[in-house]
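S.K.: quick one, fold the following:
(chains A, B and C)
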Amino acid sequence: MPELPEVETIARGLDHQARGQRIETARLLTPSIRRAGDVDTVPGRVITGVTRRAKLLLIGLDNGSVLAFHLKMTGRVWLARTDEPLPLHAHAVFDLANSDRIIFEDPRRFGYLGLFSPRELDGWSFYAALGPEPLETTPHVLSQRLAGRQARIKSLLLNQTVLAGIGNIYADESLFAARVHPASRAARIPAARLDRLCAELQRILRAAIAAGGSTISDYRDAYGKSGLFQNHFQVYGKRGAPCPGCGQPLVTARIAGRTSTHCPLCQRLYV
DNA sequence: GGGATTGTTTAAAT
DNA sequence: GATTTAAACAATCC
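M.R.: From the prediction side, this is the model:
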């Protein structure tokens, strides 16, 4: 489940390894995973840089256009050599001049790619509506975006138009770190506590990037390697395990349509 | 073979 | 109109 730290890790690896390379061939093996653009215009273009916005992986090309990937649950974008056999669920393949190959694979096929001109990217409603990057502003500014809203805090953290790039892992981990119950109404959380939540979110995102992201099952970085941050989880996926704060078993609840693992004793419910 | 899985979109409700 | 919630959807695994 690639979220901000996982996509950031992939982007850094690809940028390091593929920037400046010319794309020789572009093959769309599964046409249905293409959301926009004509992939036939890619061959001959040079990769100017690989970046991330929210959970989108963005490969910039020298004609100004951008190849965007959303990995959803099980998508991977990684580098292989052109003489290696393709994986079973490869949907798009880009061979580079140095005999490296960028592969987009996704067994579930929930992920997608799109090729956008700069104007098309800005006109893409999903892209245009994305909220701020959590690591490019202060905790206080982030908390201002949450303050006063009636919705449950868990739902707002997952809402990509409020903050960009947060998924279930980093929402649950930051709520536990700040001792805020996921079902709390944002408007009822004191300002200082909301600031702390955003500071914890930033701290955890930075630590997760430094650890190369979290591998639950499918995620791999640009070189096919697993992340390490799953070893630092306090609550995510640990229902029944002792709470790191009080030792009582962690519980799960369905909040905003998502499984939320938390400690009902340590995490205060503001309603 | 049905339920669980996720992020996003769409629809419905408030 | 804005905000919030729920349902639908993609496809596969166990």
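S.K.: all the strands of chain A, residue numbers only.
M.R.: Here chain A has its strands, by DSSP state E, at A:23-28, A:34-36, A:47-53, A:56-61, A:66-70, A:76-81, A:90-96, A:100-105, A:112-116, A:251-255, A:258-262.
S.K.: next, the buried residues of the last one.
M.R.: With burial defined by 16 or more other Cβ atoms under 10 Å, the residues of strand A:258-262 counted as buried are A:258, A:260, A:261, A:262. The C-beta positions use only the backbone N, C-alpha and C, and glycine is treated the same way.
S.K.: nearest to DNA strand B among those residues?
M.R.: The shortest approach to DNA strand B among the buried residues of strand A:258-262 belongs to residue A:258, at 5.9 Å (Cβ to the nearest atom of the strand).
S.K.: can you tell me how far the spatially closest residue to the closest one that is not a sequence neighbour is from residue A:223?
M.R.: Once flanking residues are discounted, residue A:258 sits nearest to residue A:168: 5.5 Å by Cβ to Cβ, 6 or more residues apart in numbering. Counting by Cβ to Cβ, to the nearest Å, the gap from residue A:168 to residue A:223 is 25 Å.
S.K.: more crowded one of these two?
M.R.: The residue with more neighbours, out of residue A:168 and residue A:223, is residue A:168; 19 against 15, by other Cβ atoms under 10 Å.
S.K.: check contacts around the more buried one.
M.R.: A:1, A:3, A:158, A:236, A:258, A:259, A:260 (Cβ atoms under 8 Å, 6 or more residues apart in numbering).
S.K.: now swap in residue A:180 and tell me
M.R.: Residue A:180 neighbours (Cβ under 8 Å, 6+ apart): A:153, A:189, A:193, A:197, A:267, A:268, A:270.
S.K.: most surrounded residue in the residues you listed?
M.R.: Neighbour counts for these peak at residue A:153, which has 28 neighbours (criterion: other Cβ under 10 Å).
S.K.: next, count neighbours for the residue in the stretch 151-271 of chain A that DNA strand B sits nearest to.
M.R.: With Cβ to the nearest atom of the strand, the shortest gap between the stretch 151-271 of chain A and DNA strand B falls at residue A:167, namely 2.5 Å. Counted with other Cβ under 10 Å, residues neighbouring residue A:167 total 19.
S.K.: how much space separates the closest residue to it other than its chain neighbours from residue A:46?
M.R.: Leaving aside its chain neighbours, residue A:167 sits nearest to residue A:3 (3.7 Å; criterion: Cβ to Cβ, 6+ apart). Applying Cβ to Cβ, the value for residue A:3 to residue A:46 is 29 Å.
S.K.: same question, residue A:27
M.R.: Relative to residue A:46, residue A:27 is positioned 18 Å away (Cβ to Cβ).
S.K.: again, but for residue A:262
M.R.: In this structure, residue A:262 and residue A:46 are 47 Å apart, going by Cβ to Cβ.
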